[in-house]
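>>> What follows is a predicted structure for the sequence shown.
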Amino acid sequence: MKDDKSITAVFTGGGTGGHIYPGLAVADELRKKAAARGVAVTICWIGSSSGMDKTVVEKNIDEEGRKSADAFYGIPAGKLRRYFSLKTLSDTFKVVGGFFASLAILIKLKPAVLFSKGGFVSVPPCAAAKLLGIPVYTHECDFTPGLATKINSIAAKRILVSYKETERFFKASYRKKIIVTGNPVREAFYRASPERGRAFLNISGNTKPVLLVLGGSSGAVQINELVRENLDRLCASFFVVHQTGVKNADSVRHADYVQYPFLYSEMSDVIAASDIVLSRAGANSIWECAVLKKPLVLIPLTGSGTRGDQEDNARYFAERGAAVVLSREKANSEELLRALEKLSSSEERRLMSENCAALVGSGKPSEKIAEIVYTAMFGG
């Protein structure tokens, strides 16, 4: 319940976990900073009224076992498109409905600040906050900003980005508002335990390097197929842990292979227990792995269903020696096996781990962002 003396911060974002989990990391740090200074903060989240947003937000807890958000408010959410679609008209009505719903929520809550983690659902709350004079802070995880972030930047007092190089993708007039913070990662990844991860996987006696394959919550068909096509060859060199996606588990069995539809609270410990991670190149996932200094083999999502953000993210990591990228024509069995063969060397993995550590730096972006939000709320 809201304390009469508490001050409210509203967070918004959704559509995917990549637009929610980093925001929850900031919410947890904001609450800690406020508590350390004897201030009560109420944190509310505005997300989509359909889809996964409500479940993810309400199930997330901090290290003290407290929910990251005190309340969730669902609004209609329409997808923002750069291309023609028959759904554009109906989604336009959803965006308008989301704006008026956000307006009513913000008038009721009277927040001191609104923090956006992006995704199409965040646009109406940011616009409503701007109309009401509520300071807006927006963060972009990806190397190149998405359409939602570009729109939200019009309303934003500050634009927070993960990479210095991202500044050049914004209008010159907006660059004075930009702060480079890095990408916020949940505290669980800084506290992850390889021992807990190996115990969960029941591989305490395994001597092979552990290859973790992340197929995502809905499953990355391309990655799943590559793994299954080459399972015998992969298991000859690695113990393979495969997150298939909730709809993509099958009956494959192997002595050095284990699969899970999805890894929930165990994810950070399982990554910590791994030696190499094979994954898409979503900003959130690769930063979580980099925080744990894990060598990455990335197969970024490409094609008409993406704006190319994963390719940009992957390229940035590869150029800094933190990942091997198999993009487009290179995403085949032979190239995958060649990349993994190179990383079967402990020395190669060590060098890539050092590059991951250099890329993410020593500070915690979630703390830096929370301090910015806290200052916006309380001054000083």
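Structure received.

>>> From here on, just use CA atoms for contacts and neighbour counts.
Noted.

>>> so what's S6 up against?
Neighbour list for S6: V39, A40, V41, T42 [criterion: Cα atoms under 8 Å, 6 or more residues apart in numbering].

>>> Next, count neighbours for the second one.
By that I understand A40. Neighbouring residues of A40 were enumerated by other Cα atoms under 10 Å; the total is 18.

>>> My read is that it contacts I7, right?
Yes - if you go by Cα atoms under 8 Å, A40 and I7 touch, sitting 6.5 Å apart.

>>> before we move on, back to that, from the contacts of S6, which is closest to F120?
T42 (24.1 Å; Cα to Cα).

>>> And the closest residue to that closest one other than its chain neighbours, how far from N224?
Closest residue in space to T42, ignoring its immediate chain neighbours: T8 at 4.6 Å, by Cα to Cα, 6 or more residues apart in numbering. Distance check for T8 against N224: by Cα to Cα, to the nearest Å, it reads 43 Å.

>>> can you check F120 too?
F120 sits 28 Å away from N224 when distances are taken as Cα to Cα.

>>> do the same with A35
Distance of A35 to N224, computed by Cα to Cα: 44 Å.

>>> Mind checking which of those two has more residues around it?
N224 (20 against 12).

>>> isn't that one right up against V241?
No - counting by Cα under 8 Å, N224 does not reach V241; the two are 11.7 Å apart.

>>> So, low pLDDT: which residues of the stretch 251-380 of the chain?
Scanning the stretch 251-380 of the chain for pLDDT under 70 picks out 304-305, 380.

>>> Try it again at 80.
Applying pLDDT under 80 to the stretch 251-380 of the chain flags residues 251, 303-307, 380.

>>> How about the stretch 51-200 of the chain?
Where the stretch 51-200 of the chain drops to pLDDT under 80, the residues are 78-91.

>>> Is G74 located within a strand, as I assumed?
Yes - according to DSSP: H, G, I helix; E, B strand; the rest coil, the state of G74 is that of a strand.

>>> can you give me the helices in the stretch 1-150 of the chain?
Applying DSSP state H, counting those that start in this stretch to the stretch 1-150 of the chain gives helices spanning 21-36, 53-59, 87-109, 123-132, 147-155.

>>> Quick one: list the elements packing against the longest one.
Translated: helix 87-109. The helices and strands touching helix 87-109, judged by 3 or more Cα pairs under 8 Å, 6 or more residues apart in numbering; DSSP states H and E, are strand 71-75, helix 123-132.

>>> who's in contact with the first one?
The set of residues external to strand 71-75 that reach it, using Cα under 8 Å, 6+ apart, is 43-50, 54, 57-58, 97-98, 101-102, 105, 121.

>>> okay if I get the helices of the stretch 1-150 of the chain as TSV plus distance to A220?
Below are the helices of the stretch 1-150 of the chain laid out as TSV (distance: least, Cα to Cα, whole Å):
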stretch	distance to A220
helix 21-36	20
helix 53-59	20
helix 87-109	25
helix 123-132	28
helix 147-155	24
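
>>> Show me the one of those helices that comes nearest A273.
The closest of those to A273 is helix 21-36. By Cα to Cα, the value is 21.2 Å.

>>> quick check, distance from that closest one to the centre of its chain.
Here helix 21-36 is found 16 Å from its chain centre; the criterion is Cα atoms, centre = their mean, to the nearest Å.

>>> Stretch 230-242 now?
Its chain's C-alpha centre and that of stretch 230-242 lie 27 Å apart, by Cα atoms, centre = their mean.

>>> And for stretch 184-197?
Chain-centre distance of stretch 184-197: 15 Å, with Cα atoms, centre = their mean.

>>> Next, the buried residues of it.
Neighbour counts over stretch 184-197 (16 or more other Cα atoms under 10 Å) mark P184, V185, R186, E187, A188, F189, A192, S193, P194, R196, G197 as buried.

>>> Show only the entries of these found in helices.
Residues of the buried residues of stretch 184-197 located in helices (DSSP state H): E187, A188, F189, P194, R196, G197.

>>> circling back: for ChimeraX, write the select line for the buried members of the contacts of strand 71-75.
Here is the ChimeraX selection string for the buried members of these, based on 16+ other Cα under 10 Å:
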select :43,44,45,46,47,48,49,54,57,97,98,101,102,105,121
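
>>> picking up where we left off before, JSON lines for the contacts of S6, including distance to F317?
What follows is those, written out as JSON lines (distance: Cα to Cα, whole Å):
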{"residue": "V39", "distance to F317": "39"}
{"residue": "A40", "distance to F317": "39"}
{"residue": "V41", "distance to F317": "36"}
{"residue": "T42", "distance to F317": "36"}
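
>>> mind putting those residues in CSV, pLDDT and distance to T375 included?
Below are the contacts of S6 laid out as CSV (pLDDT from 0 to 100; distance: Cα to Cα, whole Å):
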residue, pLDDT, distance to T375
V39, 92, 13
A40, 92, 14
V41, 96, 13
T42, 97, 15
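
>>> between the residues you listed, which has the most around it?
Of all these, V41 has the most neighbours under the rule other Cα under 10 Å, reaching 23 neighbours.

>>> correct me, but it touches A9?
Yes - under the criterion of Cα under 8 Å, V41 makes contact with A9 at 7.2 Å.

>>> Nearest residue to L337 in space, please, no chain neighbours.
In space, L337 is closest to L234, 7.6 Å off (Cα to Cα, 6+ apart).

>>> And N248, which helix or strand is it part of?
Here N248, judged by DSSP states H and E, is contained in no helix and no strand.

>>> I'd say it and Y260 touch.
No - between N248 and Y260 there is no contact, the gap being 9.6 Å when judged by Cα under 8 Å.
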